[in-house]
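Chemist: Provided below for reference: sequence and predicted model.
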Amino acid sequence: MPASMKLIDTDLSRQILAPEDPQGYEFLQALVRLHGVPVGYVKLPVKDGNFSPTDLRKAIFEQNGSAIRNHLLRDWLATSTSDKFDVEDFISSPHESDDKQWPLVTVAVCTRDRTADLARCLDAISHLDYPLLDILVIDNAPSARDTEQLVRESFPQARYVLEARPGLNWARNRAIEEARGEIIAYTDDDVVVDSEWIKAIARVLVENAEVMAVTGLVAPYELETEAQVLFERYGGFGRGFERKWFWVDTASGESVARLHGGAGKFGTGANMAYRRSVFDLIGRFDVALDVGTVTNGGGDLEMFFRVLKEGHALVYEPAALVFHRHRRDYDQLRAQITNNGIGFYSYLVRSAINYPDERMAFVRLGLWWLWWWNIRRLLISFARPSAFPRDLILAELRGSLIGLTRYQKSRRMASRIAQSFAHGETSALASKEERKS
Amino acid sequence: MKQARADLKQIAVRMIDLSEPIGQLDDVSNYRSARVFVMWKDHLLGRVDVPTHRQTVSAMRLRDAIVDALGPRLINAILRERYALEGESADGEAAQLPASVSVSVVVATRDRPDDLRRCLNSLVAQQSVRHIEIIVVDNNPASGLTPIVVAEFPRVMLVAEKRKGLSYARNRGIAASTGDIIIATDDDVTAPADWIEKLIAPFNDPNVAIVTGNVLPLELETRAQCLFEMYGGLGRGFERRVFSRDWFDQFRTAVATWEIGATANAAFRAAIFHHPEIGLFDESLGAGTHTGCSEDTYLFYRTLKAGFTIVYEPSAYVWHKHRREMKSLRRQLYNYSKGHVAYHLLTLLSEHDRRALVRLCLRLPQEHLRRIFTRLRGRSDYPLSLLLLEMAGNLAGPLALWRARRQVKREGPSEPYVPASERAIAVQGHCSD
């Protein structure tokens, strides 16, 4: 069984402190930051219930030297104004001047029946370092009024909105409807956001008019159980520590599916933000996808794909950092990995239906992924049994196959939901996306 | 506004200086990409290619691209600056040459009045403490196009050379020059104001006989211009290099003198032109002859063989306007390929350097095959038609050399170079007669 890991958060520009209690852990994983911006991870063994800060410091520079160097260079280039440069200026150049005109940003938390998680999430959101926030809690088809009570009593700065139609994408679309900000940043209730999260997102969108979507780094909140460690080993949600720019020249026939069809590389719905105006151009989230429907996922990936397919730019910005509390329980992990398979293939089917020009590329991608990710890993697990639990690989393979048929079914169910709720103002909610199709 | 791809121009060439804040790149949205040359304190760090996506390139994206492409170089430049010795310049370049050293610039031209005017404008604007003599050699006096342009520049001297060929023209200009250092450049070149001082600084080392500089594309508007850069262009990178007899001797196949640079941007100690083992440019090589080029590489060859040093100084850059038309590009590459073979044959025949045979019979065919395979496997965008054209040029090389040498026999050799001091005595002696 993989060992649990003590997670610490260190900033080079501050003192590196010993964590309170590495007792009982075999490993320690430090998220290394410089001026608050994450630059990498460092993993260290814990000896006799303790670790040496000297070793930590050494490991930081051994493993993250180039990331630190690039971070300093970017800061220096961003703030340099004079011809008189020196190493001292270079080391101490301030991280970004904060004299910007920041736009109003809506933070949307979509939740369902998880008040303990939500309380932690909203607590972190209320510590965000950002001057103009509009906090929205979208309560999706709740079974009780606990969420409403929690928000109204403990977080009066947040707006509570009930979305009765079940499905995460109904909730996300409701957030678009309710948002007051020009930018909508989505996160989930099992997430704890970093205080710089929104600033990092807004900076990219303010300085780059052509960018329509920003995804960010999702780090583990804790790695206490086997299931959590396995999820990180499986790939986790993090997508590295370098800012990445994605753009496809669709006008001259480049295929988005071929280049970026595996949209999971951009990040996840737990940490994504959009210019609100982009939804008028490319439509809203597909209500037949994601958690709460039979597709169980894929709604975020499908939107990443659509942003690129419609010719817009997407940026992965690791400075936009959130912490995700992975499922603690092994059965929950297995269910989630099955759902990943269902969600991913539902996204492929949905996109292949809606974009005939990308259809062949999606078929190829679907087959390749089935072989490369599912079947090949399964074969490896027979040769090297310790690599990754076989039942998890089988779970995803099963999910992938199920996922091939789920989208059409979900589509029918979504239109039934839309009909049954189609009275009063809710009819206006039928997304532009639906009108299009 | 977004543009259809067909309307897009190729590559926007820009230069930025890191001692100023990095702004966004405006006016690049109708290009496929932007090629940004990055300066830091008079030092050319390197280049970055940024796709435009038919938009303005934001400062943030440009900064990311610079750090990705040039991060280590930038760190080195900063550290070198920090740990520089007293009185040493930031990039370790040599100090300025004494003001008493005089310089002549020789520009050979043939019926390109507009290019020549632009070139001369940048030459008369050179910032220097020393006397700079500018000599234009008209290689087609019959047309009368060149004297009109030269007349606009009172400081510029005009000499005529009727015999066609860049080597004849350059040699004529060199014979007329009085400088201790002679700089060769082309009429389709423009230079920044500090070019000459940077280019001649390495002559502080007495063993340095030639300095070559970097040649950057002035524009990459057309496909032909981009292909010329892809072929290799005229620049030789952003790292300073020193070539010596040791380097010359280390080759088992032919000496790769084409890595040194080109006479679009090169400075020569005048003394080498009357050195018994070096002399002037070989008239059977060079533009305007049957061989088409290589007069510069052959001079580099003889200079290194004589034991002198050549320095490639990348910070001394000029801008070169590549041919815009596909037709001119094809002619140029065909000529280069002819001249390349002619050069090797000449080192074999005149210098008895058998390494040329290895190059001609083994390496060159191998290289062509490798490039064709790379192209066929889709690992390169360089067109197959140009590869075939280069091979055809190579095959035409021997005949071209034979014809060129026959022509030189007919037309006679250039006048030998007489050093300016001895010349003065000769003139005085002549007067006293």
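Modeler: Arrived safely, thanks for sending.

Chemist: Let me know how buried the one residue in the stretch 251-400 of chain A that gets nearest to chain B is, in neighbour terms.
Modeler: Nearest residue of the stretch 251-400 of chain A to chain B: A:Ser252, at 4.0 Å (CB to the nearest CB). Where C-beta positions appear, they are placed from N, C-alpha and C, glycine not excepted. Applying other CB atoms under 10 Å in any protein chain shown, we find 11 other residues in the vicinity of A:Ser252.

Chemist: count of neighbours near the closest residue in space to B:Ala160 that isn't next to it in sequence?
Modeler: Once flanking residues are discounted, B:Ala160 sits nearest to B:Pro141: 4.2 Å by CB to CB, 6 or more residues apart in numbering or on different chains. If you count neighbours by other CB under 10 Å, B:Pro141 ends up with 15.

Chemist: OK, contacts around B:Pro141?
Modeler: Contacts for B:Pro141 (CB atoms under 8 Å, 6 or more residues apart in numbering or on different chains) come out as B:Pro147, B:Ala160, B:Glu161, B:Lys162.

Chemist: what's the spacing between the second one and B:Asn171?
Modeler: Going from B:Ala160 to B:Asn171 by CB to CB, to the nearest Å gives 13 Å.

Chemist: neighbour count winner among these two?
Modeler: B:Asn171 (29 against 15).

Chemist: Look at B:Val137 and give its secondary structure.
Modeler: strand (DSSP: H, G, I helix; E, B strand; the rest coil).

Chemist: Is it in contact with B:Ala108, as I believe?
Modeler: Yes - B:Val137 is within contact range of B:Ala108, at 4.6 Å (criterion: CB atoms under 8 Å).

Chemist: got any residues that touch both of these two?
Modeler: Both B:Val137 and B:Ala108 are contacted by B:Glu161, B:Ala169, B:Arg170, B:Gly173, under the criterion CB under 8 Å, 6+ apart.

Chemist: so where's the longest strand in chain A?
Modeler: Criterion DSSP state E: the longest strand present in chain A is strand A:313-324.

Chemist: Helix or strand next in line after that strand, which one?
Modeler: helix A:330-354 (DSSP states H and E).

Chemist: Could you list the buried residues of that next one?
Modeler: For helix A:330-354, the neighbour count (16 or more other CB atoms under 10 Å in any protein chain shown) marks A:330, A:333-334, A:336-352, A:354 as buried.

Chemist: Also stretch B:164-179?
Modeler: So stretch B:164-179, judged by 16+ other CB under 10 Å, has buried residues B:165-179.

Chemist: Out of those residues, list just those in helices.
Modeler: Counting by DSSP state H, the buried residues of stretch B:164-179 place B:Leu166, B:Ser167, B:Tyr168, B:Ala169, B:Arg170, B:Asn171, B:Arg172, B:Gly173, B:Ile174, B:Ala175, B:Ala176 in helices.

Chemist: can you pull the contacts of the last one?
Modeler: Contact criterion CB under 8 Å, 6+ apart gives B:Ile135, B:Met157, B:Val159 as the residues in contact with B:Ala176.

Chemist: ok, and which of the residues you listed reach chain A?
Modeler: Residues shared between the contacts of B:Ala176 and the neighbourhood of chain A: none [CB under 8 Å from any CB of the partner chain].

Chemist: Make JSON lines from those and add neighbour count and pLDDT to it.
Modeler: Formatted as JSON lines, the contacts of B:Ala176 follow (neighbours: other CB atoms under 10 Å in any protein chain shown; pLDDT from 0 to 100):
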{"residue": "B:Ile135", "neighbour count": "23", "pLDDT": "97"}
{"residue": "B:Met157", "neighbour count": "17", "pLDDT": "96"}
{"residue": "B:Val159", "neighbour count": "18", "pLDDT": "96"}
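
Chemist: Which of these sits closest to chain A?
Modeler: Nearest to chain A among those, with distances taken as CB to the nearest CB, is B:Ile135, at 36.4 Å.

Chemist: Might you report the residue contacts of that closest one?
Modeler: Shown in contact with B:Ile135 (CB under 8 Å, 6+ apart): B:Ser104, B:Val105, B:Val106, B:Val107, B:Val156, B:Met157, B:Leu158, B:Val159, B:Gly173, B:Ala176, B:Ser177.

Chemist: So what sits opposite it in the bridge?
Modeler: Per DSSP bridges, the residues bridged to B:Ile135 are B:Val106, B:Met157.

Chemist: now it: how far from B:Gly173?
Modeler: The gap separating B:Ile135 from B:Gly173 is 5 Å, by CB to CB.

Chemist: Which neighbours do the two have in common?
Modeler: Shared contacts of B:Ile135 and B:Gly173 (CB under 8 Å, 6+ apart): B:Val106, B:Val107, B:Val159.

Chemist: Is B:Asn204 in contact with B:Ala95, as I believe?
Modeler: Yes - B:Asn204 is within contact range of B:Ala95, at 6.6 Å (criterion: CB under 8 Å).

Chemist: Show me where the chain dips below the pLDDT cut-off.
Modeler: Just going to use chain A. A:1-2, A:16-21, A:80-99, A:423-437 (pLDDT under 70).

Chemist: could you do chain B instead?
Modeler: B:1-6, B:85-94, B:424-433.

Chemist: Swap in 80 and give it another go.
Modeler: B:1-7, B:41-42, B:78, B:80-96, B:423-433 (pLDDT under 80).

Chemist: Ranking by neighbours, what's the top pick from the contacts of B:Pro141?
Modeler: B:Glu161 leads the contacts of B:Pro141 on contacts (other CB under 10 Å) with 24 neighbours.

Chemist: Setting aside sequence neighbours, what's the nearest residue to it?
Modeler: In this structure, B:Glu161 finds its nearest non-sequential neighbour in B:Arg172, 4.0 Å apart by CB to CB, 6+ apart.

Chemist: Name all residues that make contact with that neighbour.
Modeler: B:Arg172 touches B:Val137, B:Val159, B:Ala160, B:Glu161, B:Ser414, B:Glu415, counting by CB under 8 Å, 6+ apart.

Chemist: Closest one of those to chain A?
Modeler: B:Val137 (40.1 Å).

Chemist: If you compare the directions of the helix or strand in which B:Ser104 is found and helix B:166-176, what angle comes out?
Modeler: In this assignment (DSSP H and E), B:Ser104 forms part of strand B:103-109. In terms of direction (axes from the mean of the first three to the mean of the last three CA atoms, to 10 degrees), strand B:103-109 departs from helix B:166-176 by 150 degrees.

Chemist: So what's the gap between the next helix or strand after strand B:103-109 and the chain middle?
Modeler: Next in sequence after strand B:103-109, counting helices and strands by DSSP H and E, comes helix B:113-124. Here helix B:113-124 is found 17 Å from its chain centre; the criterion is CA atoms, centre = their mean, to the nearest Å.

Chemist: Buried residues of helix B:113-124, list them for me.
Modeler: In helix B:113-124, counting by 16+ other CB under 10 Å, buried: B:Pro113, B:Asp115, B:Leu116, B:Arg118, B:Cys119, B:Leu120, B:Ser122, B:Leu123.

Chemist: Can you tell me which of these is nearest chain A?
Modeler: If you rank the buried residues of helix B:113-124 by distance to chain A using CB to the nearest CB, B:Ser122 comes first, at 24.2 Å.

Chemist: any idea of the angle the helix of greatest length in chain A forms with helix A:330-354?
Modeler: With secondary structure taken from DSSP H, chain A has its longest helix at helix A:390-420. Counting by the same axes, to 10 degrees, helix A:390-420 lies at 60 degrees to helix A:330-354.

Chemist: who does helix A:390-420 touch, helix- and strand-wise?
Modeler: Where contact means 3 or more CB pairs under 8 Å, 6 or more residues apart in numbering or on different chains; DSSP states H and E, helix A:390-420 is packed against helix A:330-354, helix A:376-383.

Chemist: Report the buried residues of stretch A:53-69.
Modeler: A:Leu56, A:Ile60, A:Gln63, A:Asn64, A:Ala67, A:Ile68, A:Arg69.
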